[in-house]
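Chemist: I need the structure of the sequence given here:
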Amino acid sequence: MLHGAPYLKEQLQTDLKEQFVKTCQVFRVWIAKQWMDPINPEHLLFMIWSSTQAYADYALQSSLLMDKAALEDDDFEAGVELITRLVLKGCGINLL
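Modeler: The predicted model follows:
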C-alpha cells in the first residue's frame, strides 16, 4: 500500500472505485438536501481515511509520545470521538 499498491491495482480500480463513487454520491445527495455544507466529497473521504489510518501507521509513535506502552481502547475511542466531531462540524452538520 505504501508504494501505490501495485499488486492491488485491479481491485482498487474496480471494487474500491465503485464503493468510493457510491459514497461520494451519498455526500452529494446530502449536500443537495442541505444536510451538509457543499464540500468536495472526494477530499473529505481522503481526509477521513488519512485521519483513521494514522492510528494504525503511527501507533508506536503515538503511544511513546503519550508515555504508554501501547495505545489503549480509550485512546482509540477518544480518536473516534474527535475525528467524528471534527468531520461533522467541518461539514456543517449540527450535533444534537
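
Chemist: who are the packing partners of the helix or strand hosting Val80?
Modeler: Using DSSP states H and E, Val80 sits within helix 73-90. Contacts defined by 3 or more CB pairs under 8 Å, 6 or more residues apart in numbering; DSSP states H and E place helix 73-90 against helix 41-57. For every residue, glycine as well, the C-beta is placed using N, CA and C.

Chemist: touching the helix it packs on from outside, list them.
Modeler: By CB atoms under 8 Å, 6 or more residues apart in numbering, the surrounding residues in contact with helix 41-57 are 20, 23-25, 27-28, 31, 62, 71, 76, 79, 83, 87, 91.

Chemist: pull out the buried positions in it.
Modeler: 41, 44, 47 (16 or more other CB atoms under 10 Å).

Chemist: low-confidence regions, the protein specifically.
Modeler: 1-6, 12, 96 (pLDDT under 70).

Chemist: if you set the cut-off to 80 instead, what comes out?
Modeler: Within the chain, the segments meeting pLDDT under 80 span 1-14, 95-96.

Chemist: hmm, back to that, report the buried residues of the helix holding Val80.
Modeler: Applying 16+ other CB under 10 Å to helix 73-90 flags 75, 79, 83, 87 as buried.

Chemist: quick one, which of the contacts of helix 41-57 are buried?
Modeler: Using 16+ other CB under 10 Å, the buried members of the contacts of helix 41-57 are 27, 31, 62, 71, 79, 83, 87, 91.

Chemist: turn these into TSV, columns for distance to Leu8.
Modeler: Formatted as TSV, the buried ones among the contacts of helix 41-57 follow (distance: CB to CB, whole Å):
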residue	distance to Leu8
Phe27	24
Ile31	30
Ser62	26
Leu71	27
Gly79	26
Ile83	25
Val87	26
Cys91	29
